[in-house]
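Colleague: Here's my sequence, what's the structure:
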Amino acid sequence: MNLPFNRRAVINMLVGLGLAALGAGAAAADPVKIGFLVKQAEEPWFQDEWRYAEQAAKEQNFTLIKIAVPNGEKMVNAIDNLAAQQAQGFVICAPDVKLGTAVVRAAKRGNLKVMSVDDRLLDGAGKPLAEVPHMGISAAEIGKQVGRGLLDEIKARGWALADVGAIRVAYDQLPTARERTMGTVEALLAAGFPVANIFDAPEAKPDTENAFNAANIVFTKQARFKHWIIFGSNDEAVMGGVRASEGRGFPAASVIGIGIGGSKTASIEFAKAQPTGFHASVLISPKRHGYETSLNMYRWITENRQPPLLTLTTGMLMTRQNQAEVRAKMGL
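Modeller: Just a heads-up that it's a prediction; the model follows:
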């Protein structure tokens, strides 16, 4: 049986299929753009995160858009700007965790996927935004690592706990920072360290200059101690405390400072010919926080594989003696 041949219908069908194929090819070829927003771009930790995020971008051939967001207004503008650049998602360490609702609202407005890094976003009631994938640090446990490291070194130097003053360089407005330092306090108290010998040094900003000013006040008021331990939420906080101790004439042998991060700040201090009061740092991996979050976002965009809702990383105590070994174990 012969069927009627409609030449125009066949041509139209072929043209339609061709256009559809072109459209699918164009969609598949749409460039992937991912934002990486950090609150303090000048800090070594965030610079390292960006560096490892760029490594992921190079390997997977996507565009990484790095933006500093030091306050809420710039943060919202940055998210809107990502949408205008036709980005598909972003990773963020917000300038204030209480801006979590604003972050999610801006992401939805721009049809952007979002995940947080380092500091977990909170809602208006102060509760974690569980629906936003997050990679953070087990803050309390890392703080306890610092405490155990301080206690071990106190013992190694033969100091009596009653003769040692402790400075907690505090940035309590950030929950993660408070959890870290209070974890250290918990470890110290559990070992019998006198609570009366622990002094808070509140810093206005978690950097070396503000930590220096905060610690200086404690040294002025508590001049009776010959030995000091110093801890804070990051390497920069501890470095500020150590610098303040040097300004007060304390030799390195009388000071034990242990930071958190294993940043360039720690590396520079360890490279000095003579040891300083900056004894160690709990190394946490900026590679995971930069590379892995960016890779997770890329797969979420291209393969619809949502990242785990909560990933917590840990660290290793690194000194000038074992830094090469520790960095190798952490894949750095």
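Colleague: low pLDDT regions in the stretch 51-200 of the chain?
Modeller: The stretch 51-200 of the chain contains no residues with pLDDT under 70.
Colleague: The residue nearest the centre of the chain bridge partners, please.
Modeller: Compute the mean C-alpha point of the chain, and by CA atoms, centre = their mean the closest residue is Asp118, 3.7 Å away. Asp118 has the following beta-bridge partners by DSSP bridges: Gly136.
Colleague: Could you do Asp200 as well?
Modeller: Counting by DSSP bridges, Asp200 is bridged to Arg168.
Colleague: Please report how far Phe212 lies from Ala223.
Modeller: Using CB to CB, to the nearest Å, Phe212 is found at 17 Å from Ala223. Every residue, glycine included, has its C-beta placed from N, CA and C.
Colleague: Show me which of these two is the more surrounded one.
Modeller: Ranked by neighbour count (other CB atoms under 10 Å), Phe212 and Ala223 place Phe212 first, with 23 against 10.
Colleague: which one is that one nearest to, not counting chain neighbours?
Modeller: Gly240 (3.9 Å; CB to CB, 6 or more residues apart in numbering).
Colleague: What does that neighbour show for phi and psi?
Modeller: Taking degrees, to the nearest 10, you get phi -60, psi -40 for the backbone angles of Gly240.
Colleague: unless I'm mixing things up, it is touching Pro206, no?
Modeller: No. Counting by CB atoms under 8 Å, Gly240 stays clear of Pro206, with 9.5 Å between them.
Colleague: Return every residue with contacts to both of these two.
Modeller: Jointly contacting Gly240 and Pro206 under the rule CB atoms under 8 Å, 6 or more residues apart in numbering are Gly232.
Colleague: Between the two, which is the more surrounded one?
Modeller: Using other CB under 10 Å, the more surrounded residue of Gly240 and Pro206 is Gly240, with 27 against 22.
Colleague: Which pLDDT value goes with the more buried one?
Modeller: pLDDT, Gly240: 97.
Colleague: Quick one: residues contacting it.
Modeller: If you count contacts by CB under 8 Å, 6+ apart, Gly240 has them with 169, 203, 207-215, 232.
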